[in-house]
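>>> missing the sequence, but the structure's below:
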Ligand code: SAM
């Protein structure tokens with residue numbers, strides 16, 4: 001009989017966030033595969049858990065996975081934990097799940113905190129729809145490409161960042177999203193110095209120039225609103241005359257009636273207004 005893989009979410013700072021189910025699972029499994037065994041040992045000692053540990057991280061995962069899979073196939077119950085938060089979220093774990101799925105090995109999850117969602121709900125930004133970007137690439141060109149692709153993103157964007165790279169990342173946000181875009185930084189979540197800062201990108205930059213960033217950060221950037229995008233498009237159409245705007249649609253084979261309807265919609269005015277402006281233009285000719 002094959003065993004089971006347990007993906008275990010662990011606290012992101014405050015050990016009291018460990019669930020009963022997490023503690024019970026970590027106590028009952030045969031083995032815990034941890035990103036950093038020394039780090040996880042602190043969690044195990046706190047809850048007096050004696051389960052054996054083995055390391056499983058970014059740099060040994062290719063060699064270690066076949067051994068873990070063989071243990072699972074032989075019937076072992078194995079928990080995977082990262083240093084903090086959910087495995088598989090900017091942390092190892094996802095590869096192992098995929099391999100278990102491929103080999104028909106049972107996988108389950110013991111959900112726990114994740115900094116992204118914790119920061120999002122605390123930010124005050126729109127949390128109905130969001131996009132998780134994790135860490136931006138460190139290479140400048142690659143980072144620019146990722147940010148450019150997000151320029152018109154209308155969902156709230158969630159990023160992870162290390163304190164020593166915060167200033168550079170905020171500057172890149174300013175270039176991509178503009179100084180007035182609203183954002184939040186969520187620092188040291190669930191810990192003693194938990195802090196959320198909200199404001200425009202320019203205000204946040206000014207704050208961290210005065211107060212050098214320390215600790216762990218989640219960065220949240222407001223998406224461009226669909227209404228703003230529409231307003232921008234309407235503004236762009238104003239740059240051409242009503243007549244050229246009409247010709248644009250007529251040349252695509254639209255009837256005069258439909259073209260007038262579409263032009264009115266694009267320019268956010270009534271059809272009568274388009275008719276009136278076309279009439280004036282024709283009279284002037
Ligand atoms: N697996 C983790 C999770 O589920 O959130 C993320 C691991 S990732 C390697 C580490 C990054 O998560 C940090 O650099 C920081 O951006 C964010 N992070 C983790 N703990 C945090 C906390 N307590 N407060 C704010 N950000 C945190």
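Received the coordinates, thanks. Here the structure is a predicted model, which is why all the values come from computation and not from measurement.
>>> So which residues of the stretch 1-150 of the chain form strands?
4-8, 31-34, 53-55, 77-81, 106-110, 130-135 (DSSP state E, counting those that start in this stretch).
>>> For these, could you give me a markdown table that also reports mean pLDDT, distance to residue 270 and mean neighbour count?
(Glycine included, C-beta is placed from N, CA and C.) What follows is these, written out as a markdown table (pLDDT from 0 to 100; distance: least, C-beta to C-beta, whole Å; neighbours: other C-beta atoms under 10 Å):
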| stretch | mean pLDDT | distance to residue 270 | mean neighbour count |
| --- | --- | --- | --- |
| strand 4-8 | 98 | 56 | 24 |
| strand 31-34 | 98 | 65 | 25 |
| strand 53-55 | 98 | 68 | 16 |
| strand 77-81 | 98 | 61 | 25 |
| strand 106-110 | 98 | 54 | 15 |
| strand 130-135 | 98 | 36 | 16 |
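>>> need those in TSV with distance to the ligand, can you?
Listed next are the strands of the stretch 1-150 of the chain as TSV, based on distance: least, C-beta to the nearest ligand atom, whole Å:
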stretch	distance to the ligand
strand 4-8	11
strand 31-34	13
strand 53-55	16
strand 77-81	10
strand 106-110	12
strand 130-135	7
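>>> Let me have those strands in CSV, extended by distance to residue 173.
Shown next, in CSV, are the strands of the stretch 1-150 of the chain (distance: least, C-beta to C-beta, whole Å):
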stretch, distance to residue 173
strand 4-8, 32
strand 31-34, 34
strand 53-55, 35
strand 77-81, 32
strand 106-110, 32
strand 130-135, 11
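>>> Residues in a beta bridge with the residue of the chain found nearest the ligand, which ones?
Closest to the ligand within the chain is residue 85: 2.4 Å, counting by C-beta to the nearest ligand atom. Note on residue 85: beta-bridge partners by DSSP bridges are residue 10.
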